[in-house]
Structures are given as structure tokens and as C-alpha cells.
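Q: based on what follows, work out the 3D shape:
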Amino acid sequence: MLVNAVIFILSLSFFAFFYFVSFRFSEKFFPQFRFTSETIRAEWCTRIISTCVAFVTAMISAIVLLQTRALNDPVHYTHPWVDRFFVILLAYYVNDLIVMLAHRGTPLCSHGALIHHIAAIYGLCCCLWGRVLSGYALLLLVQDLSTPFVNQRWFFKVMRETHKSLELQRASFADGAASPAYSAILSFSPRTEAINGILMWIVFGVVRSTSIFEYAVQVHRHRYAYFHALPPPYIAATFGTALILAGLDVYWFALMTRGVIRVAKRMVQTRTKEE
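A: Model prediction:
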């Protein structure tokens, strides 16, 4: 436990430092960042961290599931390195939750994101303190493979809105030409956003539905182990966390589907006008 506590403190400090680095990096290399509000800047930085963490998390979880026997006994499977991996993730979720609560009342601190983080923290704590259910946690963490596409869609949205707010200001330059910062913003391509949106919808639907389906299969296969070997808090972690995440996935996927349909209609209308 002492080792895990040290790793948690170091990881929490690292993610706080990562947030600071993301802020400075974005200020220097992304002109769009300088034209946004404080809340959007905070969310921008959290999504940079989220993209990196989500990709690494999904890859590590998939490798562990494929290279070990985690799914043969997902209830009792454990490994010291997997526990340390969970400690680092716990620090990430706690750090992200602190940033969200510091901006409560804004879109950054949405109800869906709060519920997602609290459920994730509760599930990881059960895995660490009870040293059970690690196989199921790894199975759910594979879902993070779709997060980079979701975050990229948010970045495109911010760039599009920044484009709209600065479009009229382009004419304010005396020589009629935009500065490099303005040019980088005004060169935003809606077609790129549309392609990313479709990829996000496909990856989100395939990865998350497959993960939840396999999760349900494994719960049914090992159902007797829960009621005979686990106390109620861990049973709640197994079913409650999965149900909450599945519900959020369905809600988010419905929003994505509506967005994809809207983008598809717009692309068809644009092509019809061009013809």
C-alpha cells in the first residue's frame, strides 16, 4: 500500500504538471488557444491530457487482456503492475475531477462527465483495495480507444467557432491580409471535421459496444463467483459501474448519431449545389 500511495502522489503531481505544460504548449503553438475563454482553455488542456492518457490506457489494457489470462478469471485476476497501472489512472481521474470542480457551473463540469469520473474512481478503488475485478476493469478501459476521436471533434468545434468569431475581424487589417495567427484559424477545413466525426462515430460504436457485450458475457459466465465470494460493495462496483458507463455510452452515441446524420445531410446538400 505504501508503494501505491507514493505512486499516487507522484502521478497526481505529474498530471498537474502536465496540465501546466499543455497550457504553455498550446499558447505557443496553437493560435486558436489565445482567442478562447478561460473555461475553454481549461477544457482544451484537460482534453490534451485525456487524449494521451486514453490512447495509452486502451493500448495497455488490450495488451494485458490478450497476453495474460485476465479473462479466464476476471474476478480474482491480479498483478502488481496492473495495480500500479490502476493507481496512475486513479490519480488521473482525481486530477481531472479537481479541474472540473474548479470550473463547476460551466460545460467543463457537465453532469455526464461528473458521473463518469465518480464511477471510474469508485471502480478503480474497489479493484485496488479488494484486489478483485481487475479483468473487468481492463475490459472497460479498452473503451478509451474512442476518446481521442471524441476530443479531436471538440477541438474542431472550438476552431470552427473561433473561425466564425474572427472572420469579420480579418477585414480590420490595413493591408487586407490576415496575420499568421488569423490565417491559421481561417484555414480550418469543415471537410476534415466531417471525416473525423464519421470516424469517431464508427470507432465509438464498434469499440464500446463490443467491450460492453464482452463484459456482459463475462459477468454471466462468472456470475456465481460474485454472489458467493464478493461482498456487496464489490458487486455494486461490477454491476453499477458497468450500467452507468453503458448508459452514458448509449446517450453519447445517440448524440453522435444525430450529429453524423446532420453532417451527412450537409455534405449531400453541398455536393448537390456544386453539381
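
Q: switch to C-alpha atoms for all contacts and neighbour counts from now on
A: Will do.

Q: residues of the helix or strand in which residue 113 is found that come out buried?
A: Here residue 113, judged by DSSP states H and E, is contained in helix 111-130. Buried residues in helix 111-130, counting neighbours by 16 or more other C-alpha atoms under 10 Å, are found at 113-114, 116-117, 119-128.

Q: just stretch 233-244 next, same as before
A: Across stretch 233-244, burial judged by 16+ other C-alpha under 10 Å covers 234, 235, 237, 238, 240, 241, 242.

Q: what of stretch 196-204?
A: 196, 197, 198, 199, 200, 201, 202, 203, 204.

Q: so can I have TSV of those showing distance to residue 63?
A: TSV is the format used below for these (distance: C-alpha to C-alpha, whole Å):
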residue	distance to residue 63
196	26
197	27
198	26
199	23
200	22
201	24
202	22
203	18
204	19
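
Q: just these now: which is nearest residue 26?
A: The shortest approach to residue 26 among those belongs to residue 196, at 21.0 Å (C-alpha to C-alpha).

Q: so which strand or helix has that closest one?
A: helix 190-221.

Q: now residue 98
A: Here residue 98, judged by DSSP H and E, is contained in helix 80-102.

Q: circling back: which of the buried residues of stretch 233-244 fall within helices?
A: Among the buried residues of stretch 233-244, the ones falling in helices (DSSP state H) are 234, 235, 237, 238, 240, 241, 242.

Q: ok, the last one - contacts?
A: Looking back up the chat, that one is residue 242. Residues near residue 242 by C-alpha atoms under 8 Å, 6 or more residues apart in numbering: residue 212.

Q: and the pLDDT at it?
A: If you check residue 242, the pLDDT there is 81.

Q: can you tell me the closest non-neighbouring residue to residue 214?
A: Nearest residue to residue 214 in three dimensions, chain neighbours excluded: residue 139, at 8.0 Å (C-alpha to C-alpha, 6 or more residues apart in numbering).

Q: what do you get for residue 55?
A: residue 145 (5.6 Å).

Q: what residue is smack in the middle of the protein?
A: Nearest to the mean C-alpha position of the chain, counting by C-alpha atoms, centre = their mean, stands residue 147 at 4.1 Å.

Q: quick check, it in contact with residue 54.
A: Yes: applying C-alpha atoms under 8 Å, one finds residue 147 in contact with residue 54, separated by 6.2 Å.

Q: the helix holding residue 113 - contacts with which helices or strands?
A: Helices and strands touching helix 111-130, by 3 or more C-alpha pairs under 8 Å, 6 or more residues apart in numbering; DSSP states H and E, are helix 80-102, helix 134-141, helix 232-274.

Q: and the last one, how far from the chain's centre?
A: Which is helix 232-274. 13 Å (C-alpha atoms, centre = their mean, to the nearest Å).

Q: what's the angle from it to helix 190-221?
A: 150 degrees (axes from the mean of the first three to the mean of the last three C-alpha atoms, to 10 degrees).

Q: now the first one
A: Computed with the same axes, to 10 degrees, the direction of helix 80-102 lies at 130 degrees from that of helix 190-221.

Q: and helix 80-102, C-alpha only, in PDB?
A: Taking C-alpha atoms only, helix 80-102 is exported to PDB below (Å, rounded to 0.1, in the frame of the first residue of the first chain):
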ATOM      1  CA  PRO A  80       1.400  -5.900  -9.100                       C
ATOM      2  CA  TRP A  81       2.000  -4.000 -12.300                       C
ATOM      3  CA  VAL A  82      -1.700  -3.900 -13.100                       C
ATOM      4  CA  ASP A  83      -2.400  -2.500  -9.700                       C
ATOM      5  CA  ARG A  84       0.200   0.300 -10.300                       C
ATOM      6  CA  PHE A  85      -1.400   1.000 -13.600                       C
ATOM      7  CA  PHE A  86      -4.700   1.400 -11.800                       C
ATOM      8  CA  VAL A  87      -3.100   3.700  -9.300                       C
ATOM      9  CA  ILE A  88      -1.800   6.000 -12.100                       C
ATOM     10  CA  LEU A  89      -5.300   6.000 -13.700                       C
ATOM     11  CA  LEU A  90      -6.900   6.800 -10.300                       C
ATOM     12  CA  ALA A  91      -4.600   9.800 -10.000                       C
ATOM     13  CA  TYR A  92      -5.500  11.000 -13.500                       C
ATOM     14  CA  TYR A  93      -9.300  10.800 -12.700                       C
ATOM     15  CA  VAL A  94      -8.800  12.600  -9.400                       C
ATOM     16  CA  ASN A  95      -6.700  15.400 -11.000                       C
ATOM     17  CA  ASP A  96      -9.300  15.800 -13.800                       C
ATOM     18  CA  LEU A  97     -12.100  15.800 -11.300                       C
ATOM     19  CA  ILE A  98     -10.400  18.600  -9.300                       C
ATOM     20  CA  VAL A  99     -10.100  20.700 -12.500                       C
ATOM     21  CA  MET A 100     -13.800  20.000 -13.300                       C
ATOM     22  CA  LEU A 101     -14.900  21.100  -9.800                       C
ATOM     23  CA  ALA A 102     -12.800  24.200 -10.100                       C
END
